[in-house]
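**Student:** Any chance you could fold what I've pasted below:
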Amino acid sequence: MTWIFFTLLAAFMQSWRNAFQSKLSGEVKTLGVTLSRFLWASPIAALYLLFLYSVNPVELPHFSFRFVAFVVAASLMQILATALMVQLFKLNNYAIGAGLAKSEALAAAILGVLFFGTTLTFLGWIGVFIGGVGVFMLSSTNGWKGLSISTVTLGLCCGSAFAFTSLWVREASLSLNLPFPYNAGWVLLLVISLQTLLLVTYIYCTDKSTLSALWHRPKLTLLTSATSCIGSIGWFSAMSLQAVPYVKTLGQVEIFFTMLISVFWLKQKVKIKDGFGLFLVAIAATLVMWT
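**Tutor:** Numbering: from 1, shown residues only. Predicted coordinates:
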């Protein structure tokens, strides 16, 4: 049952990371907020892996072409997913943006059917429908007549990108010839390092002012990176032990952490309709897991 602990840790830390990114999104450009997730995470991931080897040294990994392909694909897709989530924060408030991003669980079920040979029962498809209703409710600013197609589309794209990331991370962990938690630790370090290198290089060449903006907000940037890395340790570890649908379904407790942070820390109001939409997304994810 170790995966349960890691999933709860990941959900709790990710809700705080999203909150810190939401704060940054009002002051820093989208790519800069995306980079804040990875900027200081690599040293933390390296220290975590060093700690594991100091406690119980095991053999060093052999990186196959299959493993490298999964790592590269997951790295690029997570950058895209994070950028889309930041855009969600700019379009709506924090709780709603994070809720739309949590369409990941439903996207993972659909992508599993299309590309990984997964089958869904009738109950599972009911879950997909309920999740769609929840997403529509979250994107509506004035009842059903005020539905925003652009926000819904952005949210679904964001959730799908995160779903692909999770599926490829699990495949990378399983393809590495190391025991748990070393396989997850190496995947985490390589994914974060590649993401940091790509983003820093691109932003340095195109918009140095964004790097300067992060440099002048060291506390918020460090908090975002730290909570992101600890959350990723939880996600990567849990997904190396258990199938993605189970992990992401339990991870829906993040929704409730999100609502509490939104109300008590960010001082944002969450309407009854929004809370009900988030609740529907959680129910839908549970139904998908039962399949």
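**Student:** all helices for the stretch 151-291 of the chain, in order.
**Tutor:** Ranges of helices in the stretch 151-291 of the chain, per DSSP state H, counting those that start in this stretch, are 182-206, 208-215, 218-241, 244-250, 254-264, 272-290.
**Student:** Including distance to Ala105, could these go into JSON lines?
**Tutor:** Quick note: C-beta positions are derived from backbone N, CA and C, even for glycine. Listed next are those as JSON lines, based on distance: least, C-beta to C-beta, whole Å:
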{"stretch": "helix 182-206", "distance to Ala105": "20"}
{"stretch": "helix 208-215", "distance to Ala105": "31"}
{"stretch": "helix 218-241", "distance to Ala105": "13"}
{"stretch": "helix 244-250", "distance to Ala105": "4"}
{"stretch": "helix 254-264", "distance to Ala105": "10"}
{"stretch": "helix 272-290", "distance to Ala105": "4"}
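**Student:** Nearest to Glu27, out of those?
**Tutor:** Closest to Glu27 of these is helix 208-215 (C-beta to C-beta; 6.9 Å).
**Student:** Does anything pack onto the closest one? Which helices or strands?
**Tutor:** Contact analysis of helix 208-215 by 3 or more C-beta pairs under 8 Å, 6 or more residues apart in numbering; DSSP states H and E lists helix 30-36, helix 182-206 as its packing neighbours.
**Student:** weakest of those helices in terms of mean pLDDT?
**Tutor:** When the helices and strands packed on helix 208-215 are ranked by mean pLDDT, helix 30-36 comes last with a mean of 84.
**Student:** who touches that one?
**Tutor:** Applying C-beta atoms under 8 Å, 6 or more residues apart in numbering, the contact partners of helix 30-36 are 20-21, 24-25, 28, 79, 82-83, 86-87, 90, 196, 199-200, 202-203, 207, 210-211, 213-214, 220-221, 224-225.
**Student:** Next secondary structure after it?
**Tutor:** With elements assigned by DSSP states H and E, the helix or strand that comes after helix 30-36 is helix 41-55.
**Student:** Having no further points to raise, I will conclude here.
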